Every structure is written in structure tokens, then in C-alpha cells.
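# no FASTA, just this:
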């Protein structure tokens with residue numbers, strides 16, 4: 001056993017990737033619908049760190065992982081973050097988070113007041129660890145010296161484990177329903193033009209009163225399919241191809257022109273055909289769908305948009321992302337030119353601008369390093385919360401001059417998931433020996449205090465969001481992830497609630513709650529020391 005510990009100590013990179021491999025193997029174990037996912041990497045890291053206490057990893061390695069994760073989250077959800085700040089749901093999420101953080105701090109101060117042996121410095125360290133906030137720990141150390149590190153080292157692993165366990169238990173017991181958002185199915189309807197009232201109408205006039213989401217995309221005349229243009233005049237025996245996402249609305253629209261007669265247009269692809277094109281052109285990504293110019297001579301009509309695993313309605317105001325697949329109806333001869341417009345490169349959907357990443361991360365780290373003056377307290381820095389704020393802003397802006405801040409969805413996922421995994425492995429290994437030593441020295445005192453603080457954070461947030469504000473569970477899971485702060489909790493929330501809401505909730509809450517924790521620790525520490 002000693003030889004294995006010595007070997008791991010001498011091979012730190014091997015230890016990191018062994019931790020990642022074993023962590024994902026453990027995280028894949030499913031017990032009654034409950035699994036740890038990537039969060040298991042942290043627990044394996046704690047075991048490796050305790051087994052090889054002399055194993056030292058550079059803090060820079062974990063910091064690189066964390067910044068990749070935070071930057072990816074910010075770029076992906078910047079627009080949603082700023083919309084959330086101005087929405088009623090965003091206000092409720094922030095209010096619930098503030099209540100939970102205040103309740104956790106109140107419990108911390110009550111423990112200092114009423115439990116013998118609990119000192120303010122160590123207790124504030126436990127508060128920072130329970131909220132997995134290294135920035136808050138740094139604020140406490142600035143006031144108390146190294147004392148807060150004891151409470152932090154014990155509470156930090158609990159700050160990850162307890163939220164994952166509580167979220168998993170609530171999901172398994174309550175089985176809250178999840179609303180699938182954004183996913184649609186594009187439907188078609190072919191109809192013979194027989195209604196006397198529409199004969200002689202132009203398609204633009206005939207389309208004015210169609211139900212929302214229903215469009216006339218093509219017309220069949222004299223056994224040939226042709227693109228639908230607003231100037232085309234309807235004639236008897238024409239066949240129209242209508243598209244929409246609501247079956248009832250589509251049938252209702254078809255009945256205004258005549259009788260449904262499916263099959264002829266879809267089967268005949270000699271004049272018009274359907275094809276999907278990848279968005280990989282940097283000049284197209286970030287544009288509104290309605291601003292994409294397809295020359296009239298191409299005879300093309302955009303029917304459909306697919307992003308990641310979801311089908312989306314092609315609204316003119318929808319912004320195109322790298323990696324989107326745009327469904328187009330057009331003559332086959334136009335396909336090469338349309339492909340040039342969108343890029344249509346699978347390889348291009350996995351590429352990123354390293355210049356933009358370098359500039360964005362530099363701006364974020366620089367902003368996080370600024371020491372902000374605070375009356376009666378002194379100065380404080382945002383740290384990685386500043387990086388996330390800048391990334392959220394850049395993700396909202398999407399492009400600034402020559403810099404394309406947004407990146408393909410697939411590339412973003414790889415970037416932030418790798419960063420998350422690396423961060424968890426390094427933190428677990430680095431904390432393992434301290435965690436074991438602190439437990440042996442201080443007994444269960446700070447272990448119980450850390451568990452109680454993080455339980456209050458989770459339970460209060462869950463109660464206020466779900467039972468007071470009636471928010472859906474997937475949104476609550478994201479808010480809880482933002483309040484408690486650790487990316488592993490967000491990763492677990494995404495596993496049990498696979499919608500976009502957990503990521504949005506995390507991006508909306510994490511920066512503001514990080515700043516709040518820093519301020520509270522500095523205020524309490526200054527007044528109490």
C-alpha cells in the first residue's frame with residue numbers, strides 16, 4: 001500500500017487522470033435512479049488525496065479547469081442571464097437565493113453564539129466551504145488569518161455532497177414533472193386548392209390570416225413543384241404545401257383552401273428537395289434568421305431549425321448558433337450555393353476562436369482581480385465570479401468587431417465539461433489529506449456544522465422556489481446549484497433535470513450569490529473580530 005502511495009505521489013498527472021477515470025466509473029453506477037455523475041470525481045479525489053497525503057498538485061491546474069468551465073457557461077447562457085435579471089422569474093430566483101444565504105449565515109452565527117468551541121473565524125470558513133466559495137474563504141482569511149481554512153476544508157466536500165444527495169432524494173421521492181422547452185416537431189399538409197374564394201388571390205394575400213406558425217412553402221402546378229412566392233396567384237387544381245408545428249392549426253389552415261390530399265409533393269423531389277445545412281460560417285452565426293439573405297434565384301425557403309437535440313421553429317428573430325442545422329426547401333441545383341452561405345462544415349462546428357477565448361479570459365481574470373472599495377469594510381475582489389460576469393456579458397454580446405465570442409454548442413460542451421472534470425479531480429486530491437486530518441482532530445463538530453449550513457442553503461432555496469414561488473423543479477435545481485456554487489452540483493442537476501433551465505438558473509444566480517457571500521463574510525468578520 002505504501003509503495004502505491006509513493007508511486008502516485010511521484011506521478012501527479014497519472015493520479016489526476018486515474019481519479020477522473022475511477023470517478024466516472026463510480027458516477028455511472030445507478031442505484032434506484034440515483035447516480036453521482038461527474039460529482040463522483042470529487043469523492044474519488046478525496047480518497048486518493050487521503051491515501052497519498054504527500055501528493056501535491058499545482059493549484060494552477062485546478063484553476064485552469066474552473067475557468068474553462070465558468071467561461072463556457074457564461075458564453076453559452078449570457079443572453080438568458082441578462083433576460084433573467086429583468087424578468088419576474090429572475091427576481092424570484094434572486095430573492096429565494098438571498099433568503100437562503102441569509103438563513104445559512106444566521107445559523108453560522110447562532111453556532112458561534114451557542115455552541116462551545118465554535119470560533120467565528122472557523123465558522124465563517126465553514127460557511128464559505130458549505131457554499132463552496134473560495135472567494136469567500138479568501139475574504140475570511142484576510143480578516144482572521146489561516147483559521148477559517150479549518151472549517152472550510154471540512155465543509156467544502158459537504159458543500160458538494162449534501163446538495164447532490166438532497167436533490168437526488170427529492171427527485172427520487174417527489175418525481176417532479178419536467179416541462180420540455182423549445183422542442184417542436186415540424187408537420188406538413190398538402191391541400192388541393194378548390195375553394196372558390198381563394199382563387200385569383202396572391203399567396204401573400206392568402207397568407208395574411210393563417211394561424212400563427214403556419215406557412216405556405218411550396219406550390220405544385222402542372223405536375224411540377226415550385227417555391228411559393230408572395231406574387232404567385234392561386235389557380236384551380238394547384239396543390240399547396242403547408243408547414244406548421246400545431247396539427248390542429250395546420251388542418252384549420254388547410255381547410256381554407258380546399259381538401260387535404262397528401263403524398264404527391266413530398267414524393268416528387270425532381271424540382272424541389274429538402275436538405276439540412278450546418279451553420280459553420282462565422283458571418284452567419286449570430287445573425288437573426290430573418291436577416292439571412294437567400295437570393296431569389298436560388299428558389300430556397302427555410303423550413304426548419306435543429307439545435308443540439310431539439311427542433312426549433314424558424315422564427316425570423318431567432319439567432320443562429322454555430323452547429324445549428326437549417327432545413328431548406330430548394331432545387332437541388334441550389335444546394336451547393338446554399339451550402340456556401342451557411343458554411344455546411346461539420347468540422348467547422350467543432351472549432352473555436354482561441355483568440356477570442358484568450359481575450360475573453362484575460363478580460364475576465366483582469367476584472368476579477370480589481371480591488372473594489374467598500375465603505376467601512378475595505379477592498380474586495382470578485383475572483384472567478386468576475387470571470388463569469390465578463391463571460392456572461394460576452395455571451396450576451398456574441399460578437400464585438402473582429403471577435404466572435406460565441407462558439408459551437410458541441411465545442412462549448414467539451415470545453416466546459418473537461419474543465420469541470422479537471423477542477424473536481426484537483427480539488428478532491430488536494431483536499432483529501434486535510435479533510436481526513438481535520439476530521440480526526442476536530443471530531444464531528446465542524447462536520448455537523450458544515451452539513452447543517454449547506455442543508456439550510458438547499459432546503460430553504462427549494463422550499464421558497466418550489467412551494468412559495470411555484471417554480472418548476474428544473475429551474476429550482478439550477479438556482480440551488482447557483483446558491484451552493486459548485487459545478488459538480490450543476491452537473492448532477494443536469495442529469496436529473498435534462499432541460500436548459502438548470503444551466504440558466506446557475507448562470508443567473510452564481511455571480512450574484514458569490515458577491516453576496518464575499519460581502520457578508522467581510523462585514524461579519526470586520527465587525528466580529
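That came in fine, so what should we check first? Worth saying up front: this structure is predicted, and the values here are computed from it rather than measured. Numbers count the residues shown, from 1 in each chain.
# next one: residue 192 from residue 504, what distance?
Here the criterion is C-beta to C-beta, to the nearest Å. By it, residue 192 lies 45 Å from residue 504. Every C-beta, even on glycine, is put in place using the N, C-alpha and C of the backbone.
# who has more neighbours out of those two?
residue 504 (26 against 18; other C-beta atoms under 10 Å).
# packing partners of the one helix or strand the more buried one maps to?
In the assignment (DSSP states H and E), residue 504 maps to helix 501-528. Helix 501-528 is packed against helix 59-85, helix 88-114, helix 120-130, helix 134-144, strand 378-380, helix 384-397, helix 473-484, helix 487-496, with contacts defined by 3 or more C-beta pairs under 8 Å, 6 or more residues apart in numbering; DSSP states H and E.
# of the ones you listed, which is nearest residue 355?
For residue 355, the closest of those is helix 384-397, at 13.0 Å, according to C-beta to C-beta.
# list the buried residues for that closest one?
Neighbour counts over helix 384-397 (16 or more other C-beta atoms under 10 Å) mark 384-396 as buried.
# could you do stretch 362-375 as well?
In stretch 362-375, counting by 16+ other C-beta under 10 Å, buried: 363-365, 367-368.
# and the contacts of it?
With contact meaning C-beta atoms under 8 Å, 6 or more residues apart in numbering, stretch 362-375 is reached by 67, 71, 74, 379-391, 394, 519, 522.
# return the distance of that stretch from the chain's centre.
24 Å (C-alpha atoms, centre = their mean, to the nearest Å).
# what distance separates the start and the end of it?
28 Å (C-alpha to C-alpha, to the nearest Å).
# OK, contacts around the closest residue to residue 44 other than its chain neighbours?
Excluding its sequence neighbours, the residue lying closest to residue 44 (C-beta to C-beta, 6 or more residues apart in numbering) is residue 23, at 4.2 Å. Listed by C-beta under 8 Å, 6+ apart, the contact set of residue 23 reads 38, 40-45, 421, 424-425.
# now, which of those sits nearest residue 87?
Using C-beta to C-beta, residue 38 is the member of those that sits closest to residue 87, with 29.6 Å.
# at which residues are the strands of the stretch 301-450 of the chain located?
Ranges of strands within the stretch 301-450 of the chain are 301-307, 310-312, 325-330, 372-374, 378-380, 399-400, 403-404, based on DSSP state E, counting those that start in this stretch.
# hmm, back to that, let me know the helix or strand that the residue nearest to residue 44 is in.
Element membership for residue 23 (DSSP H and E) is helix 12-27.
# tell me if I am right that residue 241 is in a strand.
Yes: the assignment for residue 241 by DSSP: H, G, I helix; E, B strand; the rest coil puts it in a strand.
# number of nearby residues for the residue lying closest to it once chain neighbours are set aside?
Using C-beta to C-beta, 6+ apart and skipping residues adjacent in sequence, the residue nearest residue 241 is residue 218, 4.2 Å away. A count of nearby residues for residue 218, using other C-beta under 10 Å, gives 25.
# look up phi and psi at residue 218.
Here is the backbone geometry of residue 218 (degrees, to the nearest 10): phi -160, psi 160.
# how far away is it from residue 276?
Using C-beta to C-beta, residue 218 is found at 17 Å from residue 276.
# same check on residue 412?
Taking C-beta to C-beta as the measure, residue 412 falls 21 Å from residue 276.
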